[in-house]
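In: Mind looking at a prediction? Sequence and model below.
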Amino acid sequence: MAHKRWVVREADKEKASALSEKFNIDPFIAFLMVSRGIDDDLSASSFLSDSFEIVSPFDFADMEEASFVIGDAIDNGERICIYGDYDCDGVTATALLYTFLRDEGADVFYYIPDRESEGYGLNNSAVDKIKNMGADLIVTVDNGISCVEQAEHIYELGMRLVITDHHQIGDAMPKAEAIVNPHRVDNNLKFKDYCGVGVAFKLACAMYEGSVDDLVEKYIDLVAIGTIADVVPLVYENRAFVKAGLNKINNNPRPGISAFKNEDSLTDKEYTCTDIAFRLCPKINAAGRIDSALKAMEFLICDNDEDASFKCEQLFIDNTHRQEIEKNILDDIDEKISKNPNLVQGRVIVIDGEGYHHGVIGIVASHIVEKYSKPAIIIGVDESSAARGSARSVEGFNIFEAISACSEDLIQFGGHPLAAGITIDKDKIDLFRQHINEYAYENYPVMPAGQIVLDCKLSPFYLTLDLVDNLKALEPCGEMNPPAVFGIFNMSLVSVTPLSEGKHIRMELEKKGRTIKVVKFSTPVDKFPYKQGDMLNLAVKVSKNLYKGKWYLSVRAVDVRLASTDDDKYFSELNDYQMFINKGTACNSLYPHRNVCADVYRYLKKNGGYNYSFDDLYFEMQSSITYGQLKFALKAFKQAGLINLDDGKITVNTVNQKVDLEDTQIITFLKGRLNID
């Protein structure tokens, strides 16, 4: 994975002390809360409270109109269609509003578009089908705010429309009886970051004449699942939704969730946000990605245990299939990159491939971003001339604005600062790749670096079961309130042990007499570049495991690096190198002088080559070399026949005659480009 900058949070210790005393909480937890911006009595009280208080749904503009229109439709026996979306947020929103209106006596059915053939949001073909199914009123959930043309078509056919959505509002809003959206400027909301199912739940609250507690008992698990899946901030009312939802999932699950827990083999475990995000939500999403979201919908609303078990098995099968497709695409991309490294040299990675499944390319793009710490756009090309792509970005680079700047290359596009989708003529992909990288170089002189945020530096003596128990006060964790990550600095590596047939490792580390064991997942021993005695810094998460009736501390490494690592130096030198390679910007610190080359070659000969990544080699030698110098020194060695480079691994060749690196093509080029005699 690409190297990331470590950033340590800061906190006002006096504020933390005051919160600790006032709310009778552990001082360390108070410190973590303040470092996350929870630094006054009101926000701390809301954060720590277990009570569930619903903000008035009528603080949304048009909420009263929406409830009246739908209520009248129920009273008049009109047929209502809930028009949803195929992702986890959309499916849970559809399930919630459909079952609520059904229980209220409505003549209601649901329609979820097919991702592959219909795409996101309302489309005229679906509207025609819904009309033929006898609908009088369409109510959207998690979509609709951008469907101006389709709304007109709905009214042309004699139907009416109510929109509930949470996406950003464009220049014009569609024609509708009511539009409920937290981003309307005429709302009376203090908090806007609801997801689609959150908005649907607020509509149900507005319509229901009984106690809100009834709705919480019936539907809050759906609200929690969609809220976690859509990665909206887990603060204010969203936090309350998820707290209450997890309680229902763990203590009174609906048949589908109960079946999932049985299939997931975690019936005795209390589910957390992390479990929902990484175990349940991918299965719900998998149906819409590679099959039909209707399967996920039926899984959520079924009320028969046997039926729920069968539908749950289908989701697991779909998810396995999704993982296989995803791996095949990633393998193909790795092969493309190995043949053409220039694909990842630019500031924005754009890779296209024949037959890339459109339902999976978004996940693949996320993997590429994680691996290279750059914005990535993965495009699936099929038999038609139009290809579809999915974009993901890094924090600080607005991918939607970048794509918008290249709109002339595109047929269609849409999205957000960190995620977007495009439709493009496949003959224009190369031109689009060129244009979006030109935009990135012009508008981002220095690209934002990927980050790992550390809550604080921590002595290994504080890694205890008590710490894990105290951290429960931060739950539920998610967007804007992530699980705690601690920096453990200047640890001496004692040993490394392979786990799970070599797929993972366990490190033993020591500092001032305190020894700890830390697991690093998805890291085979032969890919771990550190040796006994190395001084390391680690970013870790802590939890506990029950084994034979006893609780044990579990420490997992998020990242590991040499204690001597200098992030500022690395990212500055990396930018210099990339600007030279891609824009020709000259920088003398790139040139590998004779003494630099000698140091690098001695290191390689002493170690019999190098079997790890370029970055690992750079950090081994960071104090005496620049990033660019190392890159060009290795290129010169290869051209001179001193080394071989095979899939990143360096082997040193036996050379009998003297080699003059000054004669190599790369050194000659550099001297001319940098005006070095």
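Out: Everything's here; your move. Numbering: from 1, shown residues only.
In: make it CA atoms for all contacts and neighbour counts henceforth
Out: Will do.
In: can you pull the buried residues of the helix or strand Glu401 falls within?
Out: Here Glu401, judged by DSSP states H and E, is contained in helix 399-404. Neighbour counts using 16 or more other Cα atoms under 10 Å place Ile399, Phe400, Glu401, Ala402, Ile403, Ser404 of helix 399-404 among the buried residues.
In: and which of these is nearest Leu674?
Out: Ranked by distance to Leu674 (Cα to Cα), the buried residues of helix 399-404 are led by Ala402 at 31.6 Å.
In: Isn't that closest one up against Tyr439?
Out: Yes - using Cα atoms under 8 Å, Ala402 is in contact with Tyr439, at 6.6 Å.
In: Quick one: residues in contact with stretch 606-619.
Out: With contacts defined as Cα atoms under 8 Å, 6 or more residues apart in numbering, stretch 606-619 is touched by 3, 527-529, 562, 564-565, 604, 625-627, 630, 648-652.
In: Among the residues you listed, which are located in helices?
Out: Among the contacts of stretch 606-619, the members found in helices (DSSP state H) are Leu604, Tyr627, Leu630.
In: Name the single longest helix found in this structure.
Out: Determined from DSSP H, the single longest helix within the chain is helix 305-339.
In: What helices and strands are in contact with it?
Out: Judged by 3 or more Cα pairs under 8 Å, 6 or more residues apart in numbering; DSSP states H and E, helix 305-339 is in contact with helix 255-263, helix 281-290, helix 293-301, helix 361-372.
In: thinking again about what came up before, and the contacts of stretch 606-619, which of them are buried?
Out: By 16+ other Cα under 10 Å, those give His3, Phe528, Leu562, Thr565, Leu604, Ile625, Thr626, Tyr627, Leu630, Ile650, Thr651, Val652 as buried.
In: from those, which is closest to Leu410?
Out: His3 (32.3 Å).
In: on that earlier part again, just the buried ones among the contacts of stretch 606-619 now: which is nearest Val360?
Out: Closest approach between these and Val360, by Cα to Cα: His3, at 25.4 Å.
In: Contacts only, for the closest one.
Out: Listed by Cα under 8 Å, 6+ apart, the contact partners of His3 are Ser373, Gly450, Asp615.
In: And for Asp568?
Out: With contact set as Cα under 8 Å, 6+ apart, Asp568 has no partners.
In: Quick check: pLDDT value at Leu266.
Out: With respect to pLDDT, Leu266 has a value of 63.
In: which stretches of the stretch 201-350 of the chain aren't confidently modelled?
Out: For the stretch 201-350 of the chain, applying pLDDT under 70 flags the ranges 266-268.
In: for the stretch 401-550 of the chain, same thing?
Out: Within the stretch 401-550 of the chain, no stretch has pLDDT under 70.
In: residue boundaries of the helices in it?
Out: Taking DSSP state H, counting those that start in this stretch as the test, the helices found in the stretch 401-550 of the chain are 429-443, 465-471.
In: For Gly71, which of these is the nearest?
Out: Gly71 lies closest to helix 465-471 among these, at 44.8 Å (Cα to Cα).
In: mind listing what's buried in that closest one?
Out: Neighbour-count burial for helix 465-471, counted by 16+ other Cα under 10 Å, picks out Leu465, Leu467, Val468, Leu471.
In: Same check on stretch 195-215?
Out: For stretch 195-215, by 16+ other Cα under 10 Å, it's 195-208, 215.
In: Give me the neighbour count for Val360.
Out: Number of residues near Val360 (other Cα atoms under 10 Å) recorded here: 20.
In: Quick check: it touching Lys327?
Out: No - applying Cα under 8 Å, one finds Val360 not in contact with Lys327, separated by 10.0 Å.
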